[in-house]
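>>> Kindly generate the corresponding structure for this input.
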Amino acid sequence: MTEPSKVSVPVRFGPFEVSPDSGELRKNGTRLKLSGQAIQVLITLLEKPGQVVTREELQQKLWPGASFGDFEHGLNAAVNRLRDVLGDSATQPKFIETIPRQGYRFIGEVNKPDELPPEKKEPSPTGNIRKFAAVAVVIVLAGVTVLLFSSVRRKLKDKRPQSFDIVPLTTLSGNTSGGSFSPDGSQIAFVYGDNAAPCSWGDIYVKTLDDERMLRLTSDGKSSCPVWSPDGAHIAYEHMGQTKNGDPDWGIYLISPLGGGSRKIKDTPAGACEMDWSPDGTLIVYKDEPPGQSAGLFLMSSSGSPVRRLTTSDPGFDDRFPAFSRDGKRVAFVRNKSWGSSDIFVVDVSGGEPRRLTFMNDDLGRPVWTSDNEKIVFWACTGGSWWAQDLYVVPVSGGKPERLPFSNYDAAGPAISRRGDKLSYMRCTFDINIWKRPISNSTEPASKFAASSSRRDLDPEYSPDGSKVAFMSDRSGQMAIWLTDADGSNATMIAAAWGGTSPRWSPDGTQITFDSRLEGPAHIMVVGVEGGQPKRLTDGDFEEIVPSWSSDGQWIYFGSMRSGVWEIWKASPATKQTVQVTFRGGHLAQATSDGQFVYYAKPLDPSDLIWSSQKPGIWRVATSGGPEELVTDEIRERIWHATPEGIYFPDNESKPHPLMKYFEFATRHVKTIGELNKAAWGPPNFAVSPDHRTILYSQFDGWNCDLYLVKNGTW
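Okay, the predicted model is just below:
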């Protein structure tokens, strides 16, 4: 049973009023639809305004007797619903603040009416005179009200929630991205690719908005990021080619929207996929990292030269998604502060220090200016999952970003027409599932793991005794750690893991370590398998990812940037002592169950925060210390699983089907385990059962992106 509220009188905050006795929430007198646990959470927080209400208190009061998974799911759903109704934000709260690893706090200003009725006073002659005067004032005001009624009615009408007319712009089977309106708003340029893997690369197309006619401008599937010139004569885009020697050949190209040949105007060795034209068409702003220089944003003339640096990124990070203001005097862009943590900044075209506009510390992208030059629309990841994105708008003068009402964890890549009468965005659906295949029978096909859902399920890991499987999933609306029986039944959520990956069991099967980005950079966390509040193991503002327990449970190995480059470190769960393990680069650590070695991969550039490229091979170092050793250079994927006897890994490049393979330490030979339905996905995220009979891995089963058009509204 839910305990009764300790507050018995209505409580007001902002335009809202809560009546604890009736369980009603009103805004400016209008009752809002909020009931059940959500309203009870609000009342509980209002009982202690300005104080932290712990998750344990909420569980005891509102979810007594519930399992931890049911409580976590219920509380998260209640708080999300509550914030939606209040128009509040988890990242920039004005009412409900999340206190990491503790609970919640009500931070709004609370006004409580007096609990006792006002004292009655005897009437006086002066009071009677005042009554007559009040009646006269009321009569005059009534006349004024009649005269102003129609005007007020029109104003109230304007404040009603707007209904948006949204229609699909593309309905293609594959990936569509990168919308850019023509200057007159009648056409849109975009990228389309029919590849199975998620990617923004493909060919440039132009489509009219009122029919299905499309014109294909490029044909090799290696183009991206089209941007229409203000005069409508050209489309700038990025092309990813190769030289005769096979080296990468990146560059910015121009092509006519009517088709024909293209010409390169700028070499961009690091790739400059995000760019924009100035409103007068004389400048192009783009991101790049010239050889030997820091990355940043650059300005060049539309002919390709001269070039001037506009911003300088922090080492290992990017300034991305530049967008000119409508008057051409400023550029908005996204600045990465850590992997998966970024915000919107604005800089004057004349130069100077960029001004930070948002404080979301989340994965953000593609800011675009509204037609009045007063707001910026952008996308941001929500729910702790990189696969769930929403559109937000923020005033250029500063303030709280607000989510656009038609986005529901499925909107990204906004574009606004020059006149501001149209907005397009990209809507994607992802279906990532866990699959299993037997190791001993190479002819038996892989099958879907029973715990898979229609959302994102990934990063499986068997418990030491093989009876359970831990995995990541956002089936509850946010990324979290889930447990299931070995056959995929009885799925239960045990802990939220914002932006997290790599749940790994302790040797005794009582704890799980994982990485999470709840507080910005990734940190190593530990939680008990019964649930509860995860505890942070690592300190500092360093990227630290993909943990792995030592066989005795005394250490947790992980990849870290705390030395300035990716290296393997270890930390003691008992004392939090940290020790550097490798000194020549390393990440994706895996300690084997025999306690002899730690295996790891190496990024091509150890200083690259994103480690998008990896050196072929797997290395190891003895847990007792000593020099590193190259185990094999046969493994080129970032997905692998080390055991005391060998390493399992997928060969996604094999034709006609991807294959699962095994490198045996004793013979140093590679043998094929069997075929896979599709390419295994993600680093390292696949598991081998303790009895070496089954492999679990993740794969993309569905991926489709289309462009949508918001036909009404002013942007």
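
>>> contacting residues for residue 335?
Counting by Cβ atoms under 8 Å, 6 or more residues apart in numbering, residue 335 touches 311, 313-314, 317-320, 342-343, 345, 354, 356. C-beta: built from backbone N, CA, C; applies to glycine.

>>> Repeat that for residue 564.
Here residue 564 is in contact with residue 607 (criterion: Cβ under 8 Å, 6+ apart).

>>> Could you tell me how far residue 479 is located from residue 396?
Distance, residue 479 to residue 396, using Cβ to Cβ, to the nearest Å: 31 Å.

>>> Contacts for stretch 394-407, please.
So stretch 394-407 is contacted by 87, 89, 91-92, 94, 161, 164, 166, 325, 344, 346, 357-358, 360, 369, 373-378, 380, 389-393, 411, 425, 710 (Cβ under 8 Å, 6+ apart).

>>> Now the buried members of those.
Listed as buried from these are 89, 91, 325, 344, 346, 357-358, 360, 369, 375-378, 380, 389-393, 411, 425, 710; burial here means 16 or more other Cβ atoms under 10 Å.

>>> got the domain boundaries for this protein?
Taking automatic domain parsing as the criterion, the chain consists of the domains 11-106, 165-260, 431-648+678-701.

>>> hmm, back to that, so of the buried ones among the contacts of stretch 394-407, which ones are in strands?
344, 346, 369, 375-378, 380, 389-393, 425, 710 (DSSP state E).

>>> what's the most distant pair in these?
Spatially, the most separated pair among those is 346 and 710, at 24.2 Å (Cβ to Cβ).

>>> now the stretch 151-300 of the chain, which segments are flagged as low pLDDT?
151-162, 194-200, 270-272 (pLDDT under 70).

>>> Spell out, range by range, the strands that occur in the stretch 1-150 of the chain.
11-13, 16-19, 24-27, 30-31, 52-54, 96-99, 103-106 (DSSP state E, counting those that start in this stretch).

>>> For residue 674, find the nearest of these.
That would be strand 96-99 among these, by Cβ to Cβ, at 45.4 Å.

>>> buried set for that closest one?
96-97.

>>> and that strand, what other elements does it pack with?
The criterion is 3 or more Cβ pairs under 8 Å, 6 or more residues apart in numbering; DSSP states H and E, and the helices and strands that strand 96-99 contacts are helix 68-86, strand 103-106.

>>> If we use 10 Å, what do you get?
Applying 3 or more Cβ pairs under 10 Å, 6 or more residues apart in numbering; DSSP states H and E, we find strand 96-99 packed against helix 36-46, strand 52-54, helix 68-86, strand 103-106.

>>> Neighbouring strands of the second one in the sheet, and parallel or not?
Paired strands of strand 52-54, with direction, are strand 103-106 (antiparallel) (DSSP bridges).

>>> what does the strand it pairs with rub up against?
11, 13, 41-42, 44-59, 75, 79, 82, 93, 95-99, 533 (Cβ atoms under 10 Å, 6 or more residues apart in numbering).

>>> Can you go through these and name the buried ones?
11, 13, 41-42, 44-47, 53, 55, 58-59, 75, 79, 82, 93, 95-97, 533.

>>> Spatially nearest residue to residue 295, not counting backbone neighbours?
Leaving out its chain neighbours, the residue that sits closest to residue 295 by Cβ to Cβ, 6 or more residues apart in numbering is residue 289, at 3.7 Å.

>>> Which one of residue 479 and residue 396 is surrounded by more residues?
A direct count of neighbours by other Cβ atoms under 10 Å for residue 479 and residue 396 places residue 479 higher, at 27 against 19.
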